[in-house]
Structures are given as C-alpha cells and as structure tokens.
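# structure of the sequence below:
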Amino acid sequence: MDNTSVDDAIPLLEEAKKLDPGTYKYDYEIGYAYTMKQDYPKALEIYKKVIKYKDANDQCYQMLGNLYDYNGDPASAIKAYDKGLKKFPTSGILYLEKGTIYNMQKQYNEALNLYETGIKVDPAFPSNYYRATQLLCSSEEEVWGMIYGEIFLNLEPDTRRTEEISKLLFDT
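Purely as a prediction, here's the structure:
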C-alpha cells in the first residue's frame, strides 16, 4: 500500500488475517485500502466490523466516523465518535474529529467546545490546539487564539501547519 499498490495489498492482508484472526489490524488496513481507493461504502462496511474487535482502538472509531462523513452522513459520524468516546474518553483525536464536523456545519461554539475538551483530556495532542487557534484568531477572543497557537507551535515544530499558524499569529 505504501507504494500505491493498493489492489495488490488487499489479498495479502486477507491472507495475513487468516494467520492472525484475533486482531483488528488486518481489517483496519483492508478498510484503509478501500478508503485509499475511495470505495467509501466498502470501507465503511469493514470498519463497522473493526470496532467490534476487543483490541480496537480510538483510531478505529475515528475511521468509522470519517467514513460516515465521507458518505455524506455527518449525524452517523458524530454517533460513531460518541461511541468511541465512551470507550476512550481521553482520545484527543475523537474530540478533534467531532469538532471538525460541527466546524464544517458552522456551529463554531460547539466545535470550539469540543477542541477545548480535547485539549483538556489529551494536552499533548497538537491538532486540537491547531483548530482552536484557527477559530479563535478570527473571533473576539484573539488572545486565546494566540495562546493556543503558541502551545501548538511548541508541540508541533517544523511542519506546514507550523508555518500556517505562525503566520496567523503574526497577522493577528
């Protein structure tokens, strides 16, 4: 899959799954392969099974929610993230994804609340600071945007997003 041979990877992953059927990892990768192929309905079908594994993690719920969103069903995406948050209440990534749905729906206060909850429960995860900075620097709460932006810059140095937030802070 790393070499964009997604179609070649799927049968190999299916064979590997037969050797170790008790883990979510092979189905996760197969679902990811279908996501790369933009076959979202097939990937969604697979991820519905992935979350049933005992060792499924928060990224499994993230992918399930994302696939609902890709399929044009943000309400089901939110339900998937909520189900994941019940199992993984300190998952910054699930708060981020849920906040992103609300952000896309222009429900900015709800989005910000979710990003800030993600910051509270998973303070080392930089993406919630990134999104909160973007929202707050274009609001009347610019100072909080700058504070979150500075924290983000410390957590994620030397990336494209770092350059973007650095410019945003300068402009603000």
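
# rest of the way, CA atoms for contacts and neighbours
OK.

# show the average pLDDT along the strand or helix carrying S166.
S166 is located in helix 160-171, with elements delineated by DSSP states H and E. Within the predicted structure, the mean pLDDT of helix 160-171 is 98.

# mind listing what's buried along whichever strand or helix holds E116?
When secondary structure is defined using DSSP H and E, the element that contains E116 is helix 108-121. Of the residues in helix 108-121, those buried under the neighbour-count criterion (16 or more other CA atoms under 10 Å) are 108, 110-112, 114-119.

# give the rounded mean pLDDT of the helix or strand containing A75.
With elements delineated by DSSP H and E, A75 resides in helix 74-87, which encompasses its position. Along helix 74-87, the predicted confidence averages to a pLDDT of 98.

# returning to that earlier point: any chance of the buried residues of helix 108-121 in a markdown table, plus pLDDT and distance to Y26?
Formatted as a markdown table, these follow (pLDDT from 0 to 100; distance: CA to CA, whole Å):
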| residue | pLDDT | distance to Y26 |
| --- | --- | --- |
| Y108 | 97 | 37 |
| E110 | 98 | 35 |
| A111 | 98 | 33 |
| L112 | 98 | 35 |
| L114 | 98 | 31 |
| Y115 | 98 | 31 |
| E116 | 98 | 33 |
| T117 | 98 | 31 |
| G118 | 98 | 28 |
| I119 | 98 | 31 |
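
# closest to A16 among the residues you listed?
Nearest to A16 out of the buried residues of helix 108-121 is G118 (CA to CA; 35.0 Å).

# state the phi and psi torsions of the residue nearest to that closest one when sequence neighbours are not counted.
Sequence neighbours aside, G92 is the residue nearest to G118 in space, at 4.5 Å (criterion: CA to CA, 6 or more residues apart in numbering). Here is the backbone geometry of G92 (degrees, to the nearest 10): phi -60, psi -30.

# for the next helix or strand after the helix holding A75, which helices and strands make contact with it?
Of the helices and strands lying after helix 74-87 in sequence (DSSP H and E), the nearest is helix 92-104. Applying 3 or more CA pairs under 8 Å, 6 or more residues apart in numbering; DSSP states H and E, one finds that helix 92-104 contacts helix 58-70, helix 74-87, helix 108-121, helix 126-137.

# out of the buried residues of helix 108-121, which comes closest to G31?
Compare each of the buried residues of helix 108-121 with G31 using CA to CA and the shortest gap goes to G118, at 25.9 Å.

# residues in contact with that closest one?
The contact partners of G118, by CA atoms under 8 Å, 6 or more residues apart in numbering, come to 90-96, 128.

# can I get the helices and strands packed on helix 92-104 in a markdown table with distance to I151?
Rendered in a markdown table, the data for the helices and strands packed on helix 92-104 read as follows (distance: least, CA to CA, whole Å):
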| stretch | distance to I151 |
| --- | --- |
| helix 58-70 | 24 |
| helix 74-87 | 24 |
| helix 108-121 | 11 |
| helix 126-137 | 7 |
